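Visitor: below: sequence and its predicted model.
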Amino acid sequence: MSDAMYPTATRELAHKRHELVPEMAIAFQTFGQKVFAEGALPGKVKQLIAVAVAHVTQCPYCIKGHTKEAIRHGASNEELMEAIWVAAEMRAGGAYAHLVLAIEEMQKVNSAKNS
């Protein structure tokens, strides 16, 4: 991970983000607290979901933060890796499912060439 692309998350940057539009920062923080609160899904499960989604969205800050939170909520290394593999399969599955669009276009182009 390049430092130039992803600066280290610091208190100063967090404060600046909050300072620029405080009401949005507070709303986002409140939203996150509500989303990750214990509910029908326990905190550990929510954090495992977050780790998986973070890998699909490729957010390095989310990967690090939610991995730490998942462990704090009792997730094992094996559970974390399984969640990540589920995310990888789902991401690959999207490409696999959508390849029919390319096949359809190939057939149209080839059919037009042969006409």
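Guide: Arrived safely, thanks for sending. Since this is a predicted model, take the numbers as computed values, not measurements.
Visitor: farthest residue from the center of this structure?
Guide: Ser115 (46.1 Å; C-alpha atoms, centre = their mean).
Visitor: so how far is Leu101 from that one?
Guide: Using C-beta to C-beta, to the nearest Å, Ser115 is found at 22 Å from Leu101. From N, CA and C alone the C-beta is placed, and that goes for glycine too.
Visitor: Glu23 and Ala54: what is the separation?
Guide: 26 Å.
Visitor: between these two, who's got more neighbours?
Guide: Ala54 (21 against 8; other C-beta atoms under 10 Å).
Visitor: the more buried one touches His66, doesn't it?
Guide: Yes - applying C-beta atoms under 8 Å, one finds Ala54 in contact with His66, separated by 5.5 Å.
Visitor: before we move on, the earlier item: how close does the residue farthest from the centre of the chain sit to Lys108?
Guide: 11 Å.
Visitor: and if you look at Ala88?
Guide: Ala88 is 32 Å from Lys108, by C-beta to C-beta.
Visitor: between those two, which one's more packed in?
Guide: Counted by other C-beta under 10 Å, Ala88 and Lys108 do not tie: Ala88 has more neighbours, with 13 against 10.
Visitor: for the more buried one, give me the pLDDT.
Guide: Looking at Ala88, its pLDDT reads 97.
Visitor: which secondary structure elements does the helix or strand bottoming out on mean pLDDT in the chain contact?
Guide: Ranked by mean pLDDT, DSSP states H and E, the weakest helix or strand in the chain is helix 11-20, scoring a mean of 93. If you count contacts as 3 or more C-beta pairs under 8 Å, 6 or more residues apart in numbering; DSSP states H and E, helix 11-20 packs onto helix 22-35.
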